[in-house]
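Asker: Need a 3D model of the following:
(one chain, ligands or ions: 1)
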Amino acid sequence: MGGRHPQATYGLLRDTSPVMRVDGVGVLVSSWALVDEALHHPDAFSSALHTGRLGNHRPLIPLEVDPPDHRKFRRILDPLFSPQRMKLLEASVAQLVNDLIDDFGDDDEIDFTQQFSVPFPSQVFLTMLGLPMDELPTVLALKDGIIRPDAVAGKPLGHPDVAARQTATAQAIYDYFTNILDERQGERRDDLLSYFLEAEVEGDRLTREDILDICFLFLVAGLDTVSASLDCFFAYLAEHPERRLEIVKDPSVVPAVVEELLRWESPVAAVGRVAARDTELGGCLIRAGENVMPMLGAANTDDTHLADATTVRWDRRVNRHLAFGGGVHRCLGSHLARLELRVALKLWHERIPDYQIRPGVELMFSNGVRAAESFPMVLGSPRR
Ligand code: HEM
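Answerer: Below is the predicted model:
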């Protein structure tokens, strides 16, 4: 698990070695200019060669597909996740937030991860797929078996039981969605799965395997990322009561808060690529086959790109950050993520203006996707 405040380390990396080879890890890239360059050259820095690390036996679509094939999948998926379509979900997303807060009852303390940040995005996912809420434990178990198989298997990473757990979970995911698709075949509903069954890409339909590979990716890309963002945001706001008060006093600041905390916290700290050929980045030779990790968090706090980059400000007129990645693989779910985060921040601060991390607790965050291990939160009053 990593620390709560990685920004100083990012600065050190950028200043000393913006391209740094770390044995057993790969090449870390940390300046804005070089991260941006790597993300915009998928011919040199491939996502397809990065495939199969999550127990999947086919590439995840579209994350592990390089251009030109990548484009046909984005053409069909992008309209499904447009801001206009996401807006239609606002009322149901708000209902989910309110229901979770109602469930806190009169408790003075909650575990923010277990009672809010973890269930919420998975409930949104179930809503979008037209699945019942009682599927929540199943979805959480499938997701965790892939993302944290070590915790689920109770063994350290590298132990054969951990890999076996991940592979078994991957098969369970394929089976889970196969069964649902079998049930849906021939039945038109107004949900994502029905749309996939009918969709056409350049005259071709998505195959059954394509749909499974898309659903698999949604489980690993669309849930923990939002949970991690909520953990990072609420930790920041608990640590800075004066900034929290600004939201309580003027909720119209919420969209700016979401963008700035996405930039500052960069909940997805880095992404993975593999050099497709010998290539050069920032004057350094990178060999074909080497792992390359563009560090989004380091790029987002680089003041050669953004003035005052190490200050958290709600008043930036332009806030071009890489928290959702960049180039062809830029996050498909960014508008959904923004909706979830905005609705959650707005309603939470209306109802629970005062909260803090339980005194004496130091929150621990995972590396990569920066989720809190646990988050004991003391709730103050008044509450609505
Ligand atoms: C705040 C929450 C989120 C963050 C910070 C985030 C971040 C990212 C990043 C950095 C990438 C680029 C990966 C790369 O370049 O290798 C990405 C891709 C992706 N994200 Fe998100 N994501 C979030 C939420 C979501 C949600 C809710 C969905 C649900 C659909 C989603 C679906 C995807 C997909 C499908 C891709 C792959 C796009 C492609 O390869 O063309 N993400 N995300």
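
Asker: What sits closest to the residue of the stretch 151-300 of the chain found nearest the ligand if chain neighbours are left out?
Answerer: Nearest residue of the stretch 151-300 of the chain to the ligand: residue 222, at 2.9 Å (C-beta to the nearest ligand atom). Any C-beta I mention is one placed from the backbone N, CA and C, and that applies to glycine too. Excluding its sequence neighbours, the residue lying closest to residue 222 (C-beta to C-beta, 6 or more residues apart in numbering) is residue 333, at 5.1 Å.

Asker: who's in contact with the one you found?
Answerer: 81, 218, 221, 222, 225 (C-beta atoms under 8 Å, 6 or more residues apart in numbering).

Asker: Try it again at 10 Å.
Answerer: 77, 81, 86, 121, 218, 221-223, 225-226, 324, 339-340 (C-beta atoms under 10 Å, 6 or more residues apart in numbering).

Asker: With residue 334 instead?
Answerer: 81, 83, 86, 262, 323, 324, 325.

Asker: If any of those are buried, put those into a ChimeraX selection.
Answerer: The ChimeraX command for the buried members of the contacts of residue 334 (criterion: 16 or more other C-beta atoms under 10 Å) is given here:
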select :81,86,262,323,324,325
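
Asker: Closest one to residue 182 out of the contacts of residue 334, please.
Answerer: Ranked by distance to residue 182 (C-beta to C-beta), the contacts of residue 334 are led by residue 81 at 25.2 Å.

Asker: Do you know the pLDDT at the closest one?
Answerer: Residue 81 carries a pLDDT score of 94 in this model.

Asker: In space, not sequence, find me the middle residue of the chain.
Answerer: Nearest to the mean C-alpha position of the chain, by C-alpha atoms, centre = their mean, lies residue 225 at 2.1 Å.

Asker: Ramachandran angles for residue 219?
Answerer: phi -60, psi -40 (degrees, to the nearest 10).

Asker: Now do the same contact list for it.
Answerer: 54, 60, 122, 125, 139-140, 142-143, 145-147, 169, 173, 176-177.

Asker: now the end-to-end length of stretch 273-281.
Answerer: By C-alpha to C-alpha, to the nearest Å, the extent of stretch 273-281 from end to end equals 13 Å.

Asker: and the stretch 101-250 of the chain, which of its residues are near the ligand?
Answerer: 217, 218, 221, 222, 225, 226, 229 (C-beta under 6 Å from any ligand atom).
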